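1. Quick one, fold the following:
(one chain, ligands or ions: 2)
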Amino acid sequence: LASKQAHPKPTIIEVGPVKIGGGHLAMIAGPCAVESPERMESIAKSVRAAGANIFRGGAFKPRTSPYSFQGLGEEGLKILRDVGARHGMPVVTEVVDPRHVDLVCEYADMIQLGARNMQNFVLLTEVGRTNKPVLMKRGMSATVQDFLMSAEYIMAQGNSNVVLCERGVKGFDPATRNTFDVALVPQIHKLSHLPIIVDPSHATGRPELIPACALAGVAAGADGVHIEVHDKPEEAMSDGPQALLPQQYAELMDQIRKVAAAV
Ligand code: PEP
Ligand code: MN
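-> Ligands and ions are numbered 1, 2, ... in the order given. Got it, this is the predicted structure:
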């Protein structure tokens, strides 16, 4: 179902009024975790003004340590939905537990499946039973075939609204958080009709490397860019060190528009 043989033309996924694929770019931005309504409000305002069209934030966070902040849960889903609506942006948020799929669907316009859950087949199946658009991150060491087979799990249940996301794979060099695999973008476009976007925030973990990788992704034909933005990174509840400031995001968006116009 995910292969190009099944469907030769690029699929266009609709998330509220936003189209993704076939020349339409998803510009997803927001903090790693949903935080206070005031903080979400100021971040939403700035990313919207810069040209973001989908607002993000995790209410259920898959953290490496069980003692790290795990997210605001349903309260966070409400904040995300309300703030997104006030700024005219549909919202995407992660689901980490099959028991939360219905709850997350009540509030979100798009469901995110994180890298750590790309091969959580029970979760993929549950998400496949809904009709919500899905943003699926590539697993930390998933091959292209693994990635497409996970999309297949979702689609086999009847949900064809899958957007893929390259977010870096495990490398050997701790200088970057992960290794950004820009070649995945043209590879996916060759094998599949599904849109693929890039997430240079998690791929590099370093704000100074994000712009170059975002632009490389767009130049390679990515159907969108996913970036973490925070106005007080030092106070962020998670992933603060990799967040772009609103001003940096706005400058990057100007460059992204220029590159996108040239591809
Ligand atoms: C995130 O988007 O905040 C996240 C946890 O991403 P990933 O699953 O790619 O690590
Ligand atoms: Mn994050």
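2. For Lys4, grab phi and psi.
-> Backbone torsions for Lys4, taken as degrees, to the nearest 10, come to phi -70, psi -30.
3. my guess is it contacts Ile188, does it?
-> No. Under the criterion of C-beta atoms under 8 Å, Lys4 makes no contact with Ile188, lying 9.8 Å away. Backbone N, C-alpha and C define where each C-beta goes, glycine included.
4. Tell me which of the two has more neighbours.
-> Taking neighbours as other C-beta atoms under 10 Å, Lys4 and Ile188 compare with Ile188 leading, 25 against 15.
5. The more buried one contacts Leu194, doesn't it?
-> Yes. Ile188 is in contact with Leu194 according to C-beta under 8 Å; the separation is 7.1 Å.
6. shared neighbours, the two?
-> Leu164 (C-beta atoms under 8 Å, 6 or more residues apart in numbering).
7. List the contacts of the residue nearest the centre of the chain.
-> Central residue of the chain (C-alpha atoms, centre = their mean): His226, 5.1 Å from the mean position. Residues in contact with His226, defined by C-beta under 8 Å, 6+ apart, are Ala26, Ile28, Ala29, Arg56, Leu135, Cys165, Arg167, Ile197, Val198, Asp199, Ser201.
8. give me the number of residues near the nearest residue to the fourth one once chain neighbours are set aside?
-> Spelled out, that is Arg56. Nearest residue to Arg56 in three dimensions, chain neighbours excluded: Gly30, at 3.8 Å (C-beta to C-beta, 6 or more residues apart in numbering). Residues near Gly30, counting by other C-beta under 10 Å, number 29.
9. residues in contact with the residue in the stretch 101-250 of the chain positioned nearest to ligand 1?
-> Of all residues in the stretch 101-250 of the chain, Gly114 sits closest to ligand 1, at 3.0 Å by C-beta to the nearest ligand atom. Listed by C-beta under 8 Å, 6+ apart, the contact partners of Gly114 are Pro62, Glu94, Val96, Lys137.
10. May I see the buried residues of the helix or strand harbouring Gly84?
-> Assigned by DSSP states H and E, Gly84 belongs to helix 74-86. Of all the residues in helix 74-86, those buried under the rule 16 or more other C-beta atoms under 10 Å are Gly76, Leu77, Lys78, Ile79, Leu80, Arg81, Asp82, Val83, Gly84.
11. So Arg177 lies in a strand, does it not?
-> No. Going by DSSP: H, G, I helix; E, B strand; the rest coil, the assignment for Arg177 is coil, not a strand.
12. ok, which residues in the stretch 101-250 of the chain are in contact with ligand 2?
-> Contacts of the stretch 101-250 of the chain with ligand 2, taken as C-beta under 5 Å from the ion, map to Asp239.
13. which stretches of the stretch 101-250 of the chain form strands?
-> Taking DSSP state E, counting those that start in this stretch, the strands of the stretch 101-250 of the chain run over residues 110-113, 134-137, 162-166, 196-198, 224-228.
14. Next, the contact list for the closest residue to Gly57 other than its chain neighbours, please.
-> Spatial nearest neighbour of Gly57, chain neighbours left out: Val34 (3.9 Å); criterion: C-beta to C-beta, 6+ apart. Taking C-beta under 8 Å, 6+ apart, we find Val34 in contact with Met40, Gly57, Gly58, Ala59, Gly71, Leu72, Gly76, Leu77, Ile79, Leu80, Thr93.
15. what about Val34, distance to ligand 2?
-> For Val34, the distance to ligand 2 equals 11 Å [C-beta to the ion, to the nearest Å].
16. And for Glu234, the neighbour number?
-> Applying other C-beta under 10 Å, we find 8 residues neighbouring Glu234.
17. Tell me the pLDDT of it.
-> What the model reports for Glu234 is a pLDDT of 97.
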